[in-house]
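Undergrad: What would the 3D arrangement of this be:
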Amino acid sequence: MAKVWQIKGWDGQKPVFEREVAGNLTEPEISAMLQRLACRHLSDTEIIRASVRKGDPEYAPLLERIGTGNPICYGDGSLHYTAEFKEK
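TA: Below is the predicted model of the structure:
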């Protein structure tokens, strides 16, 4: 059985996007992909604030992982993206 990452975009509890990607991608690679998807909903200033070092007074945790474990989740507010490792 093939393994895949199932990626979903959410607006609140309503799914608005779904895509499967190769299961050979690592968790850090999937996390980077989810951050890229999530940053599409941020302003330029918010992206910069999320990208500076955590100790910087301008820092905002807008692109930090939400929770731990499965699913992997990134986003801010009601717009967020998840990825689950599944067998197809």
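
Undergrad: and the helix ranked longest in the chain, what other elements does it pack with?
TA: In the chain, taking DSSP state H as the definition, the longest helix is helix 27-39. Helix 27-39 is packed against strand 3-11, strand 72-76, strand 79-87, with contacts defined by 3 or more CB pairs under 8 Å, 6 or more residues apart in numbering; DSSP states H and E. In this view, the C-beta of every residue, glycine as well, is placed from N, C-alpha and C.

Undergrad: mean confidence for the next helix or strand after that helix?
TA: Note on helix 27-39: by DSSP states H and E, the next helix or strand toward the C-terminus is helix 44-51. On average, the pLDDT along helix 44-51 is 96.

Undergrad: Give the buried residues for helix 44-51.
TA: Across helix 44-51, burial judged by 16 or more other CB atoms under 10 Å covers 49-50.

Undergrad: can you check stretch 24-38 too?
TA: So, applying 16+ other CB under 10 Å, buried residues of stretch 24-38: 25, 30-31, 33-35, 37-38.

Undergrad: next one: stretch 76-86
TA: By 16+ other CB under 10 Å, the buried positions in stretch 76-86 come out as 76, 79-83.

Undergrad: OK, contacts around the closest residue to residue 20 other than its chain neighbours?
TA: Nearest non-adjacent residue to residue 20, counting by CB to CB, 6 or more residues apart in numbering: residue 4, 4.5 Å away. Residue 4 is in contact with 20-23, 85-88, counting by CB atoms under 8 Å, 6 or more residues apart in numbering.
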